[in-house]
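**Q** Give the three-dimensional model of this entry:
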Amino acid sequence: MERKFVMNVENYENVVIGSGEGGKYLAWHLSQSGQQVAVIERRWIGDPARM
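**A** Numbering: from 1, shown residues only. Coordinates of the predicted model:
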């Protein structure tokens, strides 16, 4: 089953393309500094509520 999510781009200050080694750490550091981050990945990577 394909999952589809709709994001409101006005809610994010940063968009990280890919959740590889660099992408996941960049997104984590940005979110820890209080910024709103969206991660775009072609495959399902986990529960968005836990990121």
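**Q** Ala38 pairs with what?
**A** Beta bridges link Ala38 to Val15, judged by DSSP bridges.
**Q** elements contacting the lowest-mean-pLDDT helix or strand in the chain?
**A** Ranked by mean pLDDT, DSSP states H and E, the helix or strand of the chain with the weakest confidence is strand 37-40, at a mean of 88. Under the contact criterion of 3 or more C-beta pairs under 8 Å, 6 or more residues apart in numbering; DSSP states H and E, strand 37-40 touches strand 14-17, helix 21-32. (Glycine included, C-beta is placed from N, CA and C.)
**Q** With mean neighbour count, distance to Glu41 and mean pLDDT as extra columns, can I get these in a markdown table?
**A** A markdown table is the format used below for these (neighbours: other C-beta atoms under 10 Å; distance: least, C-beta to C-beta, whole Å; pLDDT from 0 to 100):
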| stretch | mean neighbour count | distance to Glu41 | mean pLDDT |
| --- | --- | --- | --- |
| strand 14-17 | 15 | 8 | 92 |
| helix 21-32 | 14 | 8 | 92 |
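**Q** give me every residue that touches Tyr12.
**A** Gln36, Val37, Ala38 (C-beta atoms under 8 Å, 6 or more residues apart in numbering).
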